[in-house]
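>>> Would you be able to build a 3D model of this:
(chains A and B)
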Amino acid sequence: MNDNELSTMVRESVTDVHSATPIAQIISRGRAVRARRRIPALAGAGAVLAGSALAVTTLVPSSHPGVEGSRRPGNPLAHARLAAWTVTKQANGDIGVTINQLQNPVGLQSTLRADGVPIRVSYSSHPLLATRVPGSYRGRPIYEIPGSLGPAYHGPLRKDGQLPHLPCKFYPSTDLLNAAVKFPADGTSPHGATVYLIIKPSALPAGAGLAMFVGGSIDDIIPPNSEPPGTGGSVGVSTLSTSKDGHVRVLYSVTVSPVYASRQCTG
Amino acid sequence: MGVGTQHLDFAEFYRSAADECLRAVLVSIGDQDTARELVDEAFARAWASWRTVSRHPAPKAWVVRTALNANISRWRRRRLEVPVPDPGRVADQHAVSGTSASLVDPQIMAALMRLPARQRQVVALRLILDLDTARTAEILGIAPGTVMAHLGRAMNALRHDLQPELQQENQP
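Purely as a prediction, here's the structure:
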């Protein structure tokens, strides 16, 4: 069998494969992609956090931000419990984070930093709507999140592969991510809350930290066709529910990436 | 370029290139459902950037490259999802239309999947998209000589893999 015959055989082996996706569906998806690119790129993480703080001011009851517990410095088992989220420091130094509502990321960031986690927390205050689309990915259903997702980033990365405007640089280690962040039981909280993860500060080497995005889809934070090879990837979990009109609402989406610790990024 | 013209151009491109791009991505990754998803997403991104993509010297290759990059990102992210009960409003159109059924020669696909990923990509671009060596090298970011070496090794491996099966088929 010569090269021409072999080439023909390979070509003919897939000639029965045809794309069945209507162009209208492609264009609809393309419109969503384009719309999201028009969203100003994070406008600086400081601006995002400032906006988040503003949202919290509006959303949280003015009498009290739902504090249910107290925090005692020096007590290794001290925990801060708020309505939006709970941070619990365990005896072995691990930190459990339960996220109940998309509120007060600044407080969550401050609490985690006080517990020794160099971390940046940012979030989208917009409710996320997703629609199930045909097909599956490795046995899992696929959801499309159209339109605006708030302050998530959708534009191109810088030439060095980093996100523009965000004062964080990705730390290129998937091993670090795997060691430092766990989503037990697929992220389902044993307490019935929505998202539960454990951070192991001891697994973070000097100079490394974490960036946590709450409420945004990871696919909307880093364009799939632009992710640089040097990142450590991301790990996350989304929880979804069905609304009356059949849409799927992304209740919470939490993703964590390893980054270099710096004053600008992780405090 | 007006919006109407832009849509018309893209529609023509999609009609002429969708099958070929899907086949190229399929040859690269081996899974039909995933290939469809990736190619659909890549075409959507092509539509969103049509002004740029339409001027690309090889728009089909742009789509395939974008789809393959998206596949890498999906793999890297290992994202978990915890859905509440199946929304069920949208029927699984793939199952209905039967597009998930195997439409490829399983022996040839199995032989392709035994090749290293880079060799499969070279086969997809050179044989399915019919790109020349220089363009393939540019798209994959490797030297033209490396493209030729990968293609040569891939062809030898495929020949070695498929020859006995062909001989068996031809035997009375």
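
>>> Backbone torsions only: list them for the residue in the stretch 1-150 of chain A that chain B sits nearest to.
Per Cβ to the nearest Cβ, residue A:30 is where the stretch 1-150 of chain A lies closest to chain B, at 3.1 Å. From N, CA and C alone the C-beta is placed, and that goes for glycine too. The phi and psi values for residue A:30, taken as degrees, to the nearest 10, are phi -60, psi -40.

>>> Where do the strands of chain B begin and end?
With strands called from DSSP state E, chain B shows them at B:80-83.

>>> Name the helix or strand of it that has the lowest mean pLDDT.
Least confident helix or strand, chain B: helix B:93-97 with a mean of 31, by mean pLDDT, DSSP states H and E.

>>> for chain A, same thing?
Of chain A's SSEs (mean pLDDT, DSSP H and E), minimum confidence goes to helix A:45-59, a mean of 22.

>>> all helices of chain B, in order?
Here chain B has its helices, by DSSP state H, at B:3-29, B:32-48, B:50-53, B:59-77, B:93-97, B:106-113, B:117-123, B:133-140, B:144-170.

>>> now the chain, which segments are flagged as low pLDDT?
Let's take chain A. A:35-83, A:100-103, A:123-167, A:185-194, A:214-253 (pLDDT under 70).

>>> I was thinking of chain B, sorry if that wasn't clear
Short version for chain B, where the test is pLDDT under 70: B:1-8, B:70-102, B:164-172.

>>> any chance of the helices of chain B in JSON lines, with mean neighbour count and distance to residue A:5 too?
Listed next are those as JSON lines, based on neighbours: other Cβ atoms under 10 Å in any protein chain shown; distance: least, Cβ to Cβ, whole Å:
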{"stretch": "helix B:3-29", "mean neighbour count": "19", "distance to residue A:5": "17"}
{"stretch": "helix B:32-48", "mean neighbour count": "24", "distance to residue A:5": "25"}
{"stretch": "helix B:50-53", "mean neighbour count": "15", "distance to residue A:5": "34"}
{"stretch": "helix B:59-77", "mean neighbour count": "22", "distance to residue A:5": "24"}
{"stretch": "helix B:93-97", "mean neighbour count": "13", "distance to residue A:5": "33"}
{"stretch": "helix B:106-113", "mean neighbour count": "17", "distance to residue A:5": "13"}
{"stretch": "helix B:117-123", "mean neighbour count": "22", "distance to residue A:5": "15"}
{"stretch": "helix B:133-140", "mean neighbour count": "18", "distance to residue A:5": "20"}
{"stretch": "helix B:144-170", "mean neighbour count": "15", "distance to residue A:5": "9"}
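
>>> would you turn those helices into a markdown table with distance to chain A?
Formatted as a markdown table, the helices of chain B follow (distance: least, Cβ to the nearest Cβ, whole Å):
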| stretch | distance to chain A |
| --- | --- |
| helix B:3-29 | 4 |
| helix B:32-48 | 3 |
| helix B:50-53 | 8 |
| helix B:59-77 | 4 |
| helix B:93-97 | 4 |
| helix B:106-113 | 4 |
| helix B:117-123 | 7 |
| helix B:133-140 | 13 |
| helix B:144-170 | 6 |
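
>>> so which of these gets nearest residue A:99?
helix B:59-77 (19.1 Å; Cβ to Cβ).

>>> that older thread, to residue A:90, which of the helices of chain B lies closest?
Residue A:90 lies closest to helix B:59-77 among the helices of chain B, at 27.1 Å (Cβ to Cβ).

>>> Can you say which of the helices of chain B is nearest to residue A:104?
Nearest to residue A:104, of these and by Cβ to Cβ, is helix B:59-77 at 26.3 Å.

>>> check contacts around the closest residue to residue B:144 other than its chain neighbours.
Nearest residue to residue B:144 in three dimensions, chain neighbours excluded: residue B:137, at 4.4 Å (Cβ to Cβ, 6 or more residues apart in numbering or on different chains). Residue B:137 is in contact with B:143, B:144, B:146, B:147, counting by Cβ atoms under 8 Å, 6 or more residues apart in numbering or on different chains.
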